[in-house]
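1. sequence? don't have it. structure:
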């Protein structure tokens, strides 16, 4: 938003801006890129979401993560003061 306002006074298309924009849009994906995974999808994560027990493990992990602060707060509230 701010860049558009700053560029209003500038010439519409400069030679370097046009070349850079066109070169960026036509660049092909390189096989040596860190964002290309030749093994396919799900190969870059440390777990397998296609197993039979994935949903149970996922929701168990989320429940523990969500419930831990509440459990800690209850434990702090009801423990004897020392």
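-> Sure, I can see it. All values reported here derive from a predicted model rather than from experimental measurement. Residues are numbered from 1 along each chain as shown.

2. for this structure, longest helix please?
-> Assignment by DSSP state H gives helix 54-78 as the longest helix of the chain.

3. Could you list the residues in contact with it?
-> The contact list for helix 54-78 (Cβ atoms under 8 Å, 6 or more residues apart in numbering) reads 47-49. (Glycine included, C-beta is placed from N, CA and C.)

4. tell me which residues in that helix are buried?
-> When neighbours are counted by 16 or more other Cβ atoms under 10 Å, no buried residue of helix 54-78 is found.

5. any idea of the mean pLDDT in that helix?
-> Averaged across helix 54-78, pLDDT comes to 96.

6. picking up where we left off before, any chance of the contacts of helix 54-78 in a markdown table, with secondary structure too?
-> Formatted as a markdown table, the contacts of helix 54-78 follow (DSSP: H, G, I helix; E, B strand; the rest coil):
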| residue | secondary structure |
| --- | --- |
| 47 | coil |
| 48 | coil |
| 49 | coil |
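
7. Report the buried members of those residues.
-> Among the contacts of helix 54-78, not one counts as buried by 16+ other Cβ under 10 Å.

8. Turn these into CSV, including pLDDT and distance to residue 64.
-> Below are the contacts of helix 54-78 laid out as CSV (pLDDT from 0 to 100; distance: Cβ to Cβ, whole Å):
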residue, pLDDT, distance to residue 64
47, 84, 16
48, 87, 20
49, 90, 18
